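Asker: Sequence isn't available, so here's the structure alone:
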């Protein structure tokens, strides 16, 4: 995720910001131009009902919202509850919720305060997924897309005398057990499954991989190349998972051909794990590029490696991204170790995983090209 600047005073602000701490300007994220903007009320100020706001400045040239004039918006109805959603809604969109919030169709029992906090954390992660997906050209941001072209979300909690809620994807619906928003529960599950990494955004990116497999791979010219690289997805999925969970995770030999141990379970899971990892890559590379990061490795390398924005048009090719990625993750892990934490990036990209990541890159770039037409 890149960092932003307040367009009222130029001070640094972040994707989650509701207000500039320097000048006090109200801020909103504008999905139609994928930027943070200062917004001003045209009628009643906050915390009145969110309507009649306009951006302080026009959208940048070349964006879908470029009209040369400041644009009018309403603020998401979840801005003033525990979600603290800072997304705006275009004036001609008659919905009360922003493009990200309206993708959530089912919520857990809100009478439980813990569920409210869990929902807020998940929505924050969902907004980050929305941003990355939109930057990659995987979804429209004008509010006019067919709802079936975007994932839908069901955020559910376990209930007494009912089967546990399983995180997963089916027919365009991503279900997430909201207990995954609790740090202690997520760590417990990570340790029990011998996983090196388990986060909310990781779950959402993984499940979005299943969603986009249905839309980008199934029935397309990519299907046979997918099967050649990842395996035949027509094998029995339930049986494959049963076999996988029946094995000792420490005995799985996955390091040469997969990005994770779970990727060995089934070709669909291999794709989803690789897809999630690709989203990790582009998001972290964009963050580094927005800080104009240059890395000089301590092995005598003369020329520092400069991070390039993976969302630029034209963007860097996959080999360039990978050449930036390796020193960036070395720096990241060295910094987290200095603070007494485990590695923030506990992975090594093997030759097999590299080929699969390149495949995801090619699929995404083709999709972005078709969306630009």
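Answerer: Okay, I see it. Being a predicted model, the structure only gives us computed values, none of them experimental.
Asker: Show me the beta-bridge partners of residue 155.
Answerer: residue 176 (DSSP bridges).
Asker: what packs against the lowest-mean-pLDDT helix or strand in the chain?
Answerer: Least confident helix or strand, the chain: strand 53-55 with a mean of 77, by mean pLDDT, DSSP states H and E. Here strand 53-55 touches strand 35-41, strand 72-75, going by 3 or more C-beta pairs under 8 Å, 6 or more residues apart in numbering; DSSP states H and E. (Each C-beta comes from the backbone N, C-alpha and C, glycine too.)
Asker: Residue 85 touches residue 76, doesn't it?
Answerer: Yes - under the criterion of C-beta atoms under 8 Å, residue 85 makes contact with residue 76 at 4.4 Å.
Asker: so what's in contact with the two at the same time?
Answerer: Residues touching both residue 85 and residue 76 (C-beta atoms under 8 Å, 6 or more residues apart in numbering) are 98, 101.
Asker: what's residue 31 in contact with, if anything?
Answerer: 87, 88, 90, 98, 99, 100, 130, 134, 141.
Asker: same check, this time on residue 28
Answerer: Neighbours of residue 28 in contact, by C-beta under 8 Å, 6+ apart: 36, 37, 39, 53, 73, 75, 86, 87, 88.
Asker: Where does it fall, secondary structure wise?
Answerer: For residue 28, the host element (DSSP states H and E) is strand 27-30.
Asker: on that earlier part again, most packed of the helices and strands packed on strand 53-55?
Answerer: strand 72-75 (a mean of 22; mean count of other C-beta atoms under 10 Å).
Asker: Let me see the mean pLDDT of that one.
Answerer: Per-residue pLDDT over strand 72-75 has a mean of 91.
Asker: Likewise for stretch 140-152?
Answerer: The model assigns stretch 140-152 a mean pLDDT of 83.
Asker: Just give me the closest of the contacts of residue 28 to residue 257.
Answerer: residue 87 (39.5 Å; C-beta to C-beta).
Asker: Surely residue 105 is in a strand?
Answerer: Yes - according to DSSP: H, G, I helix; E, B strand; the rest coil, residue 105 belongs to a strand.
Asker: quick one, domains of the chain?
Answerer: For the chain, automatic domain parsing gives the domain ranges 1-96, 99-210, 217-372.
Asker: Mean pLDDT lowest where, among the ones you listed?
Answerer: Among those, domain 1-96 scores lowest, at a mean of 83.
Asker: end-to-end on that domain?
Answerer: 26 Å (C-alpha to C-alpha, to the nearest Å).
Asker: Let me see the ranges of the helices in the stretch 51-200 of the chain.
Answerer: In the stretch 51-200 of the chain, the helices defined using DSSP state H, counting those that start in this stretch lie at 113-135, 183-192, 200-216.
Asker: Pipe these into CSV and attach mean neighbour count per row.
Answerer: Formatted as CSV, the helices of the stretch 51-200 of the chain follow (neighbours: other C-beta atoms under 10 Å):
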stretch, mean neighbour count
helix 113-135, 20
helix 183-192, 12
helix 200-216, 21
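Asker: would you turn these into CSV with distance to residue 176?
Answerer: As requested, the helices of the stretch 51-200 of the chain are exported to CSV (distance: least, C-beta to C-beta, whole Å):
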stretch, distance to residue 176
helix 113-135, 6
helix 183-192, 12
helix 200-216, 6
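Asker: These: which one's closest to residue 242?
Answerer: Once these are compared by C-beta to C-beta, helix 183-192 is nearest, at 17.4 Å.
Asker: quick one: contacts of that closest one?
Answerer: 179, 180, 195, 197, 198, 199, 200.
Asker: For the fourth one, grab the count of nearby residues.
Answerer: Which is residue 197. Residue 197 has 16 neighbours, counted by other C-beta atoms under 10 Å.
Asker: Excluding residues flanking it in the chain, which one is nearest it?
Answerer: The shortest distance from residue 197 to any non-neighbouring residue, by C-beta to C-beta, 6 or more residues apart in numbering, is to residue 346 (5.7 Å).
Asker: Next: the fifth one.
Answerer: Spatial nearest neighbour of residue 198, excluding adjacent residues (C-beta to C-beta, 6+ apart): residue 190 at 3.9 Å.
Asker: now the first one
Answerer: By the measure of C-beta to C-beta, 6+ apart, the closest residue to residue 179 outside its immediate chain neighbours is residue 185, 5.0 Å from it.
Asker: Roughly how far does the one you found sit from residue 178?
Answerer: Here residue 185 is placed at a distance of 10 Å from residue 178 (C-beta to C-beta, to the nearest Å).
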